[in-house]
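Colleague: Here's my sequence, what's the structure:
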Amino acid sequence: MNKTALITGGAKRLGSSIALKLAQNGCNIALHFNKSKNDAEKLKDQLSEFKIKCEIFQADLSNENEALTLIEKVFQKFNDLEILINNASIFKKAAFLETGINLLNETLNLNFKAPFILSQKFAEKIKTGHIINIIDAKISKNSSNYFIYTLSKKALADFTKTAAKVLAPKIRVNGVCPGLILPPEDKNEDYLTELAKKIPLKRKGSSDDITEAILFLINNKYITGQLLFIDGGEHL
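Modeller: Residues are numbered from 1 along each chain as shown. This is a model prediction of the structure:
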């Protein structure tokens, strides 16, 4: 690709799969982490096998001051930054009446405010580029069990479409909405297998399904403002 991508929350889970896929395709990686330093360092070593450049960057993106400075720190190492993938998020189960102020602020700060800030700073610095927001197939419904999480992702989905309009033609903005890909950290694969019985394709997906969609969006330069549901038809 001969590009550089900043991946937030890139040290583990889906973020690490995205980093691996882009590195395999020749993309330099700016790997953001918050608390997972050991995972980030291990992944950096793994990515070096693909003969690309990788640097790791620590920031607590729920803190707006740290979010505000991350893009500048990345540009000091990569002045060819062209791709921003807003992947970092918090996913905690809580109904509306169970959502306290701390969870409200933490979720909105990380899931919506940080992508907003990073996208703004990214747009100020680059000539041309691409922003991809990792959203969630849950935005197609009104989940009561994950009330503020779902609301934050709905806001990110609307932001994706609005930003695509105002940042064109300089910057493309798209979203990927994963379905049953990875179980929550307190669940196992059986949890997804049971849920998959209720969706049209009757099976869970894989991280490869998401990373292939991201690669498609990057390579097709005539797409902007789209939300790709990679969810086996769950949103239907």
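Colleague: what's the weakest-modelled helix or strand in the chain?
Modeller: Lowest mean confidence among the helices and strands of the chain (mean pLDDT, DSSP states H and E): helix 189-196, at a mean of 94.
Colleague: Can you name the element that comes right after that one?
Modeller: Scanning forward in sequence from helix 189-196 by DSSP states H and E, the next helix or strand is helix 207-219.
Colleague: Buried residues, that following helix. List them.
Modeller: 207, 209-211, 213-215, 217-218 (16 or more other C-beta atoms under 10 Å). The way it works is simple: take the backbone N, C-alpha and C, and place the C-beta from them, glycine included.
Colleague: go on, stretch 113-130?
Modeller: 113-119, 121-123, 126, 129-130.
Colleague: Kindly indicate which of those residues lies nearest Pro178.
Modeller: Comparing those against Pro178 with C-beta to C-beta picks out Pro115 as the nearest, at 15.6 Å.
Colleague: so who does that closest one touch?
Modeller: When contacts are counted by C-beta atoms under 8 Å, 6 or more residues apart in numbering, Pro115 touches 8, 86, 133, 156, 159.
Colleague: re earlier: so which residues make contact with the least confident helix or strand of the chain?
Modeller: Taking C-beta under 8 Å, 6+ apart as the criterion, the residues outside helix 189-196 that touch it are 180, 182-184, 202-204, 232.
Colleague: Show me the contact partners of the longest strand seen in the chain.
Modeller: The longest strand of the chain (DSSP state E) is strand 171-178. Surrounding strand 171-178, the residues in contact under the criterion C-beta under 8 Å, 6+ apart are 14, 119, 122-123, 126, 128-137, 139-140, 156-157, 160-161, 163-164, 167, 205, 210, 213-214, 217, 221, 223-231, 235.
Colleague: how much does that strand deviate in direction from helix 207-219?
Modeller: Strand 171-178 and helix 207-219 are oriented at 160 degrees to each other (axes from the mean of the first three to the mean of the last three C-alpha atoms, to 10 degrees).
Colleague: Determine how far strand 171-178 lies from the middle of the whole chain.
Modeller: Between the mean C-alpha point of strand 171-178 and the mean C-alpha point of its chain there is a distance of 9 Å (C-alpha atoms, centre = their mean, to the nearest Å).
Colleague: next one: stretch 48-56
Modeller: Here stretch 48-56 shows a centroid-to-chain-centroid distance of 20 Å under the convention C-alpha atoms, centre = their mean.
Colleague: Check the gap between the residue lying farthest from the centre of the chain and Ser144 for me.
Modeller: Among the C-alpha atoms of the chain, the one farthest from their average position, using C-alpha atoms, centre = their mean, is that of Leu97, at 27.6 Å. As defined by C-beta to C-beta, to the nearest Å, Leu97 lies at a distance of 10 Å from Ser144.
Colleague: before we move on, what about Lys170?
Modeller: When distance is defined by C-beta to C-beta, Lys170 is 39 Å away from Ser144.
Colleague: And for Lys187?
Modeller: The gap separating Lys187 from Ser144 is 19 Å, by C-beta to C-beta.
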